[in-house]
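Q: Here is the input, now give the coordinates:
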Amino acid sequence: MKAFDILVIGEINPDLILRGNDVVPAFGQAEKLVDEARLTIGSSSVIMACGAARLGLRVAFIGLVGDDEFGRFMLNAMEEKGLDTSACIVDEQLQTGMSVILSGPDDRAILTYPGSIPALHIEQIDETLLRQTGHLHVGSYFLLDKLRPDLPALFARARNEGLTTSVDTNWDPRGNWEVAEMLAHCDVFLPNEAELRFIAGEDNFSAAHQKLAEQIPTLAVKLGAEGGMAREGEEIVTVPPVKVNVVDTTGAGDSFDAGFLYGYLRKWPLEKSLKTAVACGSLSTRAAGGTTAQPTLEEIANWEW
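A: Residues are numbered from 1 along each chain as shown. The predicted structure is shown next:
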């Protein structure tokens, strides 16, 4: 019996969410008012980990923060959500990263100060945890600058230890989109539609997922308002979104990841895993912040599609 179901390695930063009908800044020293401002749990990797814990999985996390208020805020909040943070690192020489999310009715923009995010390196990864968990997940691959070159080898070692592996690269701010070496050691890949196209180098969606399906055993793609698509070999399934009153889409894709991996680790049929993923992503949008409205399994089971 392993101590944890999932070990998540990734970035740690809070989100400052500014929400309103018009959140586009006006330069020229103009001041605009927004409807709501909220400091909340941020970072794709942490939101995903919280969603997994909310579903009942035992989750350990490895990440790096500074010795500051934002770092303490995040570690305390993560522990309150049920994450094991004993392997997280606090570096007094660094500042914790932060994202400002401008959340409008139909879209959002993100401004991120990386801070400690790119400084995490392989020597800070407690690999003894690999023997204590069944699955290794990495989020925000393109932001982990110092760790990124060593991640393919880490995934290879994890698989040799009997773990399954997954990655959600998230957006590449530099636009390089090079991830082939990582995918070679990955069991589950969890991009959104835009990331899928860029990584595959294909404008056509069908061509993009066909190309990546040849490299990845299991592919689950977030399609936003269209729900999701998943593929294993020649099996392809799609699921529409759950109808909810959308308040904030921050972290919806990360909650999708949590739902899909829950089903994957339970060895559920592909369609059931995808349906759980889409429900988790959809229901998470009912409140501001990525973790506020993340559902339990009971909520998902009782929700009407």
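
Q: The stretch 201-305 of the chain: helices as residue ranges?
A: 205-213, 252-265, 270-283, 297-302 (DSSP state H, counting those that start in this stretch).

Q: out of those helices, deepest packed?
A: Comparing the helices of the stretch 201-305 of the chain by mean neighbour count (mean count of other C-beta atoms under 10 Å), helix 252-265 ranks first with a mean of 27. For the C-beta atoms, the positions are set from N, CA and C on the backbone; glycine is no exception.

Q: what about the stretch 151-300 of the chain, any weak spots by pLDDT?
A: Across the stretch 151-300 of the chain, nothing is flagged by pLDDT under 70.

Q: low-scoring pLDDT stretches of the stretch 1-150 of the chain, where are they?
A: Residue ranges of the stretch 1-150 of the chain with pLDDT under 70: none are present.

Q: mind listing the helices for it?
A: With DSSP H, counting those that start in this stretch, the ranges of helices along the stretch 1-150 of the chain come out as 44-54, 69-80.

Q: so of the ones you listed, which one's packed in deepest?
A: Comparing the helices of the stretch 1-150 of the chain by mean neighbour count (mean count of other C-beta under 10 Å), helix 44-54 comes out on top with a mean of 29.

Q: what angle sits between that one and helix 270-283?
A: 110 degrees (axes from the mean of the first three to the mean of the last three C-alpha atoms, to 10 degrees).

Q: contacting residues around helix 44-54?
A: 5-6, 8-12, 41, 59, 61, 63, 74, 78, 81-83, 137-140, 168, 170, 251, 253-255, 257-259, 261-262, 280, 284, 290-291, 294-296 (C-beta atoms under 8 Å, 6 or more residues apart in numbering).

Q: circling back to that earlier point, include distance to P240 when you put the helices of the stretch 201-305 of the chain into TSV, please.
A: What follows is these, written out as TSV (distance: least, C-beta to C-beta, whole Å):
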stretch	distance to P240
helix 205-213	16
helix 252-265	13
helix 270-283	7
helix 297-302	15
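
Q: Identify the residues contacting H121.
A: K146, L147, D150.

Q: mind redoing it with 6 Å?
A: Neighbour list for H121: K146, L147 [criterion: C-beta atoms under 6 Å, 6 or more residues apart in numbering].

Q: Now the closest residue to A288 other than its chain neighbours: phi and psi?
A: In this structure, A288 finds its nearest non-sequential neighbour in D248, 4.4 Å apart by C-beta to C-beta, 6 or more residues apart in numbering. Phi and psi for D248, reported as degrees, to the nearest 10, are phi -160, psi 130.

Q: ok, D248 touching G290?
A: No - the pair D248 and G290 fails to qualify as a contact (C-beta atoms under 6 Å) at a distance of 8.2 Å.

Q: So these two - more neighbours on which side?
A: Between D248 and G290, counted using other C-beta atoms under 10 Å, the more crowded position is G290 (30 against 23).

Q: doesn't A252 make contact with the more buried one?
A: No - contact status for G290 versus A252: not in contact, 7.8 Å apart, counting by C-beta under 6 Å.

Q: Just the strands from the protein, written as ranges.
A: Shown for the chain, the strands assigned by DSSP state E span residues 6-9, 14-19, 36-41, 59-62, 64-66, 89-91, 98-103, 108-113, 135-139, 164-168, 188-189, 218-222, 228-232, 235-239.

Q: which other residues reach stretch 96-111?
A: Defining contact as C-beta under 6 Å, 6+ apart, one finds that stretch 96-111 is touched by 13-19, 23, 42, 65-66, 68, 70-71, 112-117, 248, 250.

Q: Can you name the residues that contact the closest residue to E195 other than its chain neighbours?
A: Excluding its sequence neighbours, the residue lying closest to E195 (C-beta to C-beta, 6+ apart) is T169, at 6.2 Å. Going by C-beta under 6 Å, 6+ apart, T169 touches Y141, F142, V179.

Q: Of the helices of the stretch 1-150 of the chain, which is nearest L154?
A: Closest to L154 of the helices of the stretch 1-150 of the chain, according to C-beta to C-beta: helix 44-54, at 14.9 Å.

Q: returning to what we had before: to L33, which of the helices of the stretch 201-305 of the chain lies closest?
A: Closest of these to L33 is helix 252-265, at 25.8 Å (criterion: C-beta to C-beta).

Q: list the helices and strands that closest one packs on?
A: Judged by 3 or more C-beta pairs under 6 Å, 6 or more residues apart in numbering; DSSP states H and E, the packing partners of helix 252-265 are helix 44-54, strand 218-222, helix 270-283.

Q: Could you count how many residues lie near P105?
A: Using other C-beta under 10 Å, P105 has 13 neighbouring residues.
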